[in-house]
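# structure for this input, please:
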Amino acid sequence: MTEPVPAESAVAEAPRKSPIVPAIAGVLALLVGAAVGMKVLGPKLGGGASAKPAVHEPVKEEAPRLVKLDNIIVNPAGTQGQHFLIVSLAIQVSSADVETKLHTAEVPLRDAINGVLASLTLDQLSANGAREQLRAQLRATAQRFAADTGMQVFLPQFLIQ
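Presented below is the predicted three-dimensional model:
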């Protein structure tokens, strides 16, 4: 006669279900729920497809046109070569035409700026308000090469040694 099989061994021999099937079913349920939410509930809650967000065109500001003259080195007047001045200059202009003219005349413009800087003494270069006066002189010098009433001169580097 056959002996009865204990209940524990009957459970152990039963085929096991794969965990992949419930996982796939769960993923499909999430996808269906997301699709229903986007197509049905989303337009009702968000004002519908006809409500488009306001699109503002960014204002495209044109970058300032700068003509840069770096590392202008001169001996100030009356220093007998004992001191020197290093200047970097940026000239902001209002049009591409003026920018082209200044780039074309860079060598004579540098020479003219060297002349202005070398004619000034250390006292003139370091006096109160000297930078504003110097900017005005350099602007007038640059305007000889290309007339531009909106021209501005910047001195990002100004070193007296």
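
# please make it C-alpha for all contacts and neighbour counts, starting now.
Noted.

# who are the contact partners of the residue nearest in space to the middle of the chain?
For the chain, residue 63 is the residue whose C-alpha lies nearest the centre (Cα atoms, centre = their mean; 10.9 Å). With contacts defined as Cα atoms under 8 Å, 6 or more residues apart in numbering, residue 63 is in contact with no residue.

# residues contacting the one helix or strand residue 110 maps to, please?
Applying DSSP states H and E as the criterion places residue 110 in helix 106-118. Residues outside helix 106-118 that contact it (Cα under 8 Å, 6+ apart): 69, 72-77, 102, 137-138, 141-142, 145.

# and the next helix or strand after that helix, what does it pack onto?
Counting by DSSP H and E, the next helix or strand C-terminal to helix 106-118 is helix 122-126. In terms of contacts (3 or more Cα pairs under 8 Å, 6 or more residues apart in numbering; DSSP states H and E), helix 122-126 is packed against helix 130-143.

# what do you get if the cut-off is 10 Å, keeping everything else the same?
Helix 122-126 sits against helix 130-143, strand 152-160, with contacts defined as 3 or more Cα pairs under 10 Å, 6 or more residues apart in numbering; DSSP states H and E.
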